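> with the sequence up front, the predicted model follows.
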Amino acid sequence: MRFVCLSVGLLLAWMGTSPLQYRESPMPPGLAKANAQINRPLEPPMFAPHRRINLAQVRDESQELQKLADTIPAQIDQVTSGQLPKDLLANLKRIEKISKHLRSQVSP
């Protein structure tokens, strides 16, 4: 019982400490200006202007891509039979180049 009373007494004494002990210290010079600069509203982000897509070029490249892609299965059949078509690697590189260009044109 003594321990409980002592604990409660210490708790009340601790809670009764003056709030003046915890008051804020005066703000150093320049801190208010720095806080104002930190907390100022941000400028809106700059957006890139919309690019114009050359539809005729995109259409032509997509048709070329389709023609090249149609030739690949026959060339792969030749590779499995032991023959390496001379334009297979060039066609694959061209397909990659066209697809990258089309992706850059179409994506925002």
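It's in.

> in the protein, which helix or strand is least confident?
Across the helices and strands of the chain, mean pLDDT, DSSP states H and E gives its lowest value to helix 2-15, namely a mean of 69.

> right, and the helix or strand after that helix?
Following helix 2-15 in sequence order, the next helix or strand is helix 31-38 (DSSP states H and E).

> what is that following helix packed up against?
Counting contacts by 3 or more CB pairs under 8 Å, 6 or more residues apart in numbering; DSSP states H and E, helix 31-38 packs against no other helix or strand. The C-beta positions use only the backbone N, C-alpha and C, and glycine is treated the same way.

> may I see the buried residues of that helix?
Neighbour counts over helix 31-38 (16 or more other CB atoms under 10 Å) mark no residue as buried.

> return the distance of the longest helix seen in the chain from the chain's centre.
Looking across the chain with DSSP state H, the single longest helix is helix 55-80. Centre-to-centre, helix 55-80 and its host chain are 33 Å apart (CA atoms, centre = their mean, to the nearest Å).

> next, the angle from whichever helix or strand comes after that helix to helix 55-80.
Remark: after helix 55-80, the chain's next helix or strand is helix 88-106, criterion DSSP H and E. Interaxial angle, helix 88-106 versus helix 55-80 (axes from the mean of the first three to the mean of the last three CA atoms, to 10 degrees): 150 degrees.
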